[in-house]
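Q: My questions are about this predicted structure, shown below with the sequence.
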Amino acid sequence: MRAVIFDFNRTLREHKEEKLLPHAYETLVELKKKGYLLYLLSRKEGDRANLLDLLGINDFFDKIFFVEDKNPETFKEVLACLPAGLEEVFVVGDHRHEEIRLGNSFGLRTIWLKRGEFANLPEKNAFDAPWKTIVDLEEIREIL
């Protein structure tokens, strides 16, 4: 079995708007059909839990994690909740210095959604280099 850990804001959801990014919904549908376990990792800000329901994506996720800060300690807690024996775990995010760096530091395959506010972030160290780079979520369906 395989799993994908998604960032929420700017990765699945348009920043500061109550709408999904293009192809987000279809990508979640396709990954579920393929048997992927899906997880969401998001900062605990505003009313994001209700926003997931409003956007109609809450039920896609096997578990949702709202954290104060994305750091190695909280990421380790998230990984500890995943079932044992997973073949591969992928991390999808828009921020090289957060989701991509964290995923790489734990030996996971990372997919950087290079769009929006953080599209031009430079690599600061080797952990900032993603396994794959995409500019549209629909590309994930071809990769996975």
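A: Thanks, I have the structure now.

Q: make it CA atoms for all contacts and neighbour counts henceforth
A: Noted.

Q: Make sure Leu38 is indeed in a strand.
A: Yes: Leu38: assigned to a strand according to DSSP: H, G, I helix; E, B strand; the rest coil.

Q: what about the helices in this protein?
A: With DSSP state H as the criterion, the chain has helices at 24-33, 48-55, 72-81, 101-105, 138-143.

Q: Single out the most deeply packed of those helices.
A: helix 101-105 (a mean of 21; mean count of other C-alpha atoms under 10 Å).

Q: one step back: which stretch among the helices of the chain comes nearest Lys16?
A: Closest approach to Lys16 among those is made by helix 48-55 (10.9 Å; C-alpha to C-alpha).

Q: Please work out the average pLDDT along the closest one.
A: Here helix 48-55 scores 91 as its mean pLDDT.

Q: now stretch 108-123
A: The average pLDDT for stretch 108-123 rounds to 96.

Q: what is the residue nearest to Phe8 when sequence neighbours are not counted paired to in the beta sheet?
A: Of all residues beyond its chain neighbours, the one nearest Phe8 is Ser42 (5.6 Å), with distances taken as C-alpha to C-alpha, 6 or more residues apart in numbering. When bridges are called by DSSP bridges, Ser42 pairs up with Phe66.

Q: Tell me who's in contact with Ser42.
A: Contacts of Ser42 were listed using C-alpha atoms under 8 Å, 6 or more residues apart in numbering, and they are 7-9, 65-67, 70.

Q: gap between it and Thr74?
A: 11 Å (C-alpha to C-alpha, to the nearest Å).
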